[in-house]
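J.: for reference, the sequence and a predicted model appear below.
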Amino acid sequence: MSEKLRMFKDSKVVIPDYLVAYNNDSERSADTTLLNRAYRMVVYIKQEECHECVLRTLVPFYLFMLENEHRNNFGVLFILHTSEIERTNAILSNMRFFRTVFYDVDGSFERLNPHLPENQRYHVFLLNNEDKVVLAGTFSDSNTFRERYLKELERLEVM
């Protein structure tokens with residue numbers, strides 16, 4: 001494990017106060033309770049050139065969230081750093097992504113978390129009830145890593 005990743009796992013993650021919550025589902029309002037759950041998976045996506053390509057990477061985490069909605073103390077925070085909210089909402093709607101996303105329009109998530117690794121593979125992480133990273137890395141290409149997230153969630157729930 002690199003020193004930067006080790007430092008990231010030892011640090012507290014700060015969730016900005018000024019995120020814009022949005023839900024494409026016209027029958028549901030944005031679920032801001034996700035911000036206060038004891039255990040949270042954060043999926044942070046920076047503004048990229050291929051906007052639609054990047055948003056498609058949300059699918060495995062969306063499915064993971066749906067599979068784990070029964071966990072009362074757990075939630076997935078999709079934090080999207082983009083100023084193109086209208087375009088992003090249209091893409092998410094076309095993808096049938098009907099859950100809360102949080103827009104970080106001014107880039108405050110990265111400013112508040114300078115220890116965030118540059119490698120986007122580690123922009124997916126699980127926070128414990130003290131907002132410390134207990135597991136980092138994407139599982140979109142590995143069932144083994146997805147299983148590690150599930151085991152860690154189960155361990156956190158019994159603590």
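T.: Received the coordinates, thanks.
J.: contacting residues for the nearest residue to residue 80 once chain neighbours are set aside?
T.: Nearest residue to residue 80, sequence neighbours excluded (Cβ to Cβ, 6 or more residues apart in numbering): residue 45, at 5.2 Å. All C-beta atoms are positioned from the backbone trio N, CA, C, and that covers glycine. Applying Cβ atoms under 8 Å, 6 or more residues apart in numbering to residue 45 gives the contacts 54-55, 57-58, 78-82, 123.
J.: and for residue 84?
T.: 47, 51.
J.: cool, and the one 4 residues further on?
T.: With Cβ under 8 Å, 6+ apart as the criterion, the residues that contact residue 88 are 51, 55, 80, 82, 101, 103.
J.: just the ones of those in strands?
T.: Among these, the ones falling in strands (DSSP state E) are 80, 101, 103.
J.: spit out the contact partners of residue 51.
T.: 82, 84, 87-88, 91.
J.: and the pLDDT for it?
T.: Note on residue 51: pLDDT of 76.
J.: check residue 120 too.
T.: So residue 120 comes in at 86 (pLDDT).
J.: and the spatially closest residue to it that is not a sequence neighbour, how close does it get to residue 101?
T.: Excluding the flanking residues, the one nearest residue 120 by Cβ to Cβ, 6+ apart is residue 46, at 7.2 Å. In this structure, residue 46 and residue 101 are 14 Å apart, going by Cβ to Cβ, to the nearest Å.
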